[in-house]
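>>> No letters, just coordinates:
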């Protein structure tokens, strides 16, 4: 198995020079929303777990993207190990992070009920929804099983929105179900009702997050793609105009039909529509309080190299197309997907709001309602990065803060909790979801070692 | 040398704009480099849960890659990678890796074989190096990592791996003690 090492090295040197040239041009053109001293931009915004530190701010812009295969594609799976002796999580000054509960194998989605009870989905291998109830000052947590017998239990949403929900909706394999509920319930008081029975199944992306609009009229369900980039997708459906009409422009077909999008239904599961298309894997769905704007924490594609393309966190506009599979990050074309090229979509691709280091794997997002963290952090979003496999040097495995200004993302993201990466092979945690507890502290789940952590703010 | 490098840079700058799109096609060598990053540059994976593929039965390797492509086997990493391979590339990669030498030699003497091994030999061959048969090509087991073997037996037993109904029913009937004994015996055959 001879490798053409010499030619490969020559090509990569040339690509590095092209990247440097592109980045220099982009840096010169980048306007600064926030202080240029504090925020890393351009090629300096890229790094790996070794350049992470609490407080570090980065802003990646679409012009900062390197060429495809500027670095070769690498498979570098992380190995989850028990917490090594002496390892600890680090967070920003004035904050403290500690485990709240342990032993939660498969800990994934976290949602807080109006009464403060913490709901946690244990997705795999068992499909369960747990409730964590704590005492005063969130001491003495007790865990009960709210529901079990689910498969790939994921999204959790209380309905109707507001102080007195009557149902707990759960997104799972192939469906959305709902359990009867009233404030204070620690176990489902009745059998689940199936609200949606036709969610796509199979393939790479199995998470199904669920959320409601503030007026309770719309249920959002996020469905990720089956494949990486639809390379096996066949020719387009015959009455293509009708397909685009019923599925929203940019939607893919075959195994990808009704996938790589955010769907809407009524709370009864009727009137299915594509809300926005071309979103490869919106693993984390959140509705911004006050505005009702939908946000996605999204995983973009693999096998284009270490630093391409960025994952992203974005507001999701109704009817918008975010590129997958034929484009990424606006009009960057990917010619590998099946189904034929799409020049008709060029210029119609919405660019996401916040670009995150490629392969970080953002899985969950929550908005800070205020009440504990610093006052000017009210309204900021927090995102859990599960961590990379398709990158030579590991990245992700942390919680980041996304500063917002006047209700909109600034494009900046900041390292908030780091420390799970022990070395380039071993990690002792993989963050999945974030949620704010009733007291304003931040919770996050780790499906590596089955822990729910809590971050409190004690002040400077 | 510098002049040639400058020529390369000029060619690259004209070929790739800063907001470029099309990814250049990868040679088979580059693709196999990707495989090596988990399966080992010299055939020995650094992670015990990643199987040895050097010297494995080519027909078995081809089936697994096809299964990942068709969603009959479920793994985020392997599915993305298999999806990116054409049928011709799958056959080529299976042949290339199958043609490499198995990276570890079996010991001359072995511990006593557990009774259940007789069943395994019926499909996997008398020396457990794999064999073609009516149910498909059974892979080489001799010298595979014990952790990988136990994980695989468990995955068949609990339905996590579902691309061989025969293996699923056979593994169902094995206790955890049996599995461990078999895995240890097989690993000793390194």
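Sure, I can see it. Here the structure is a predicted model, which means the values were calculated and not measured. Residues are numbered from 1 along each chain as shown, chains lettered A, B, ... in the order given.

>>> Am I right that residue A:300 is in a strand?
No. The assignment for residue A:300, made by DSSP: H, G, I helix; E, B strand; the rest coil, is coil rather than a strand.

>>> And the pLDDT at it?
Here, the pLDDT recorded for residue A:300 equals 98.

>>> Whether stretch A:199-207 contacts chain B - can you check?
Yes. Judged by CB under 8 Å from any CB of the partner chain, stretch A:199-207 comes into contact with chain B at A:202, A:203, A:204. Using the backbone N, CA and C atoms, a C-beta is placed for each residue, glycine as well.

>>> tell me the contacts of the last one?
By that I understand residue A:204. A:224, A:225, A:226, A:227, A:228, A:281, B:76, B:79, B:80 (CB atoms under 8 Å, 6 or more residues apart in numbering or on different chains).

>>> low pLDDT regions in chain B?
B:1-25, B:105-108, B:190 (pLDDT under 70).

>>> sec struct for the most centrally placed residue in it, please.
For chain B, the residue nearest the mean C-alpha position is residue B:53 (4.3 Å; CA atoms, centre = their mean). What three-state DSSP gives for residue B:53 is coil.

>>> circling back to that earlier point, tell me the one of the contacts of residue A:204 nearest residue A:49?
residue B:76 (20.0 Å; CB to CB).

>>> tell me the SS of residue B:82?
Classified using three-state DSSP, residue B:82 is helix.

>>> all helices for chain A, in order.
A:5-29, A:240-247 (DSSP state H).

>>> got the contact list for stretch A:127-134?
Contacts of stretch A:127-134 (CB under 8 Å, 6+ apart): A:100-101, A:104, A:116-122, A:140-153, A:156, A:168, A:170, A:172-173, A:185-187, A:452.

>>> Could you do stretch A:325-337 as well?
Counting by CB under 8 Å, 6+ apart, A:62, A:65, A:68, A:225, A:229-231, A:233, A:252, A:256, A:260, A:278, A:280, A:300-301, A:304, A:309-310, A:312, A:323, A:339, A:341-342, A:345-347, A:349-352, A:355, B:19-23, B:84 sit against stretch A:325-337.

>>> start to end distance for that stretch?
6 Å (CA to CA, to the nearest Å).

>>> Quick check: buried residues in it?
Across stretch A:325-337, burial judged by 16 or more other CB atoms under 10 Å in any protein chain shown covers A:325, A:326, A:327, A:328, A:329, A:330, A:331, A:332, A:333, A:334, A:336, A:337.

>>> and it, what's its mean pLDDT?
97.

>>> Quickly name whichever of the residues of stretch A:199-207 next to chain B is closest to residue A:77.
Of the residues of stretch A:199-207 next to chain B, the one sitting nearest to residue A:77 (CB to CB) turns out to be residue A:204, at 14.9 Å.

>>> now the end-to-end length of stretch A:253-260.
End-to-end distance (CA to CA), stretch A:253-260: 10 Å.

>>> Can you name the residue of chain A nearest to chain B?
residue A:333 (3.2 Å; CB to the nearest CB).

>>> sorry, back to before: now the residues of stretch A:199-207 next to chain B in TSV, with pLDDT?
Compiled in TSV, the residues of stretch A:199-207 next to chain B are given as follows (pLDDT from 0 to 100):
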residue	pLDDT
A:202	90
A:203	89
A:204	88
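
>>> before we move on, back to that, comparing the helices of chain A, which gets the lowest mean pLDDT score?
helix A:5-29 (a mean of 44).

>>> all strands for the stretch 251-400 of chain A, in order.
With DSSP state E, counting those that start in this stretch as the criterion, the stretch 251-400 of chain A has strands at A:261-265, A:273-277, A:282-287, A:294-298, A:311-316, A:327-328, A:332-333, A:354-356, A:362-367, A:381-385, A:398-402.

>>> Name every strand pairing with the third one and say which way it goes.
Read it as strand A:282-287. When sheet partners are counted by DSSP bridges, strand A:282-287 sits next to strand A:294-298 (antiparallel).

>>> cool, and the fifth one?
Strand A:311-316 has the following sheet partners, assigned by DSSP bridges: strand A:294-298 (antiparallel), strand A:354-356 (antiparallel).

>>> Could you turn the buried ones of the contacts of residue A:204 into a PyMOL selection?
A single PyMOL command selects the buried members of the contacts of residue A:204 (16+ other CB under 10 Å):
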select buried, (chain A and resi 224+225+226+227+228+281) or (chain B and resi 76+79+80)
